[in-house]
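**Q** Just the structure for this:
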Amino acid sequence: LFRSKLILIFPAAAAGHNFSIKRAYSLSRNFFWKIFIGELVFLITSYTVYKIISYSEQFINAYIYLIIYLIITFISIAVFATWLSKIYNESTS
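**A** Now for the predicted structure:
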């Protein structure tokens, strides 16, 4: 739960803004549930997709499995980073 309060540091750093832990904590106060639910959806979706892929590993080549795994990981991280950036923009405007 504490991580959800400080996670806005990453989009702020990516935007090049000077951002303190105290400010991240205060900005996330109004967006805690949005951040928490976003993290939960991200984790559940990622876990489900990874389980489906791991069950299909026996049917496909190891190199193809690795490529699919890396692509899905990249997409998942990009979607979550976009979600955090959107919340950061909402909290600072």
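**Q** alpha carbons only for contacts and neighbour counts from here, please
**A** Fine.
**Q** I'd like the next helix or strand past the least confident helix or strand in the chain by mean pLDDT.
**A** The weakest-scoring helix or strand in the chain, judged by mean pLDDT, DSSP states H and E, is helix 2-6 (a mean of 65). Once the chain leaves helix 2-6, the next helix or strand it forms, by DSSP states H and E, is helix 9-14.
**Q** residue closest to the middle of this structure?
**A** residue 80 (3.1 Å; C-alpha atoms, centre = their mean).
**Q** Excluding covalently adjacent residues, which one is nearest to that residue?
**A** residue 42 (6.8 Å; C-alpha to C-alpha, 6 or more residues apart in numbering).
**Q** Ok, residue 39 next?
**A** Distances taken as C-alpha to C-alpha, 6+ apart put residue 80 closest to residue 39, at 7.8 Å, once the chain neighbours are dropped.
**Q** For the one you found, give its distance to residue 59.
**A** 30 Å (C-alpha to C-alpha, to the nearest Å).
**Q** before we move on, what about residue 86?
**A** Taking C-alpha to C-alpha as the measure, residue 86 falls 39 Å from residue 59.
**Q** so where's the longest helix in this protein?
**A** What stands out as the longest helix in the chain, according to DSSP state H, is helix 62-92.
**Q** what comes up buried for it?
**A** 65, 72, 76, 80, 83-85, 87-88, 91 (16 or more other C-alpha atoms under 10 Å).
**Q** No further questions, thank you.
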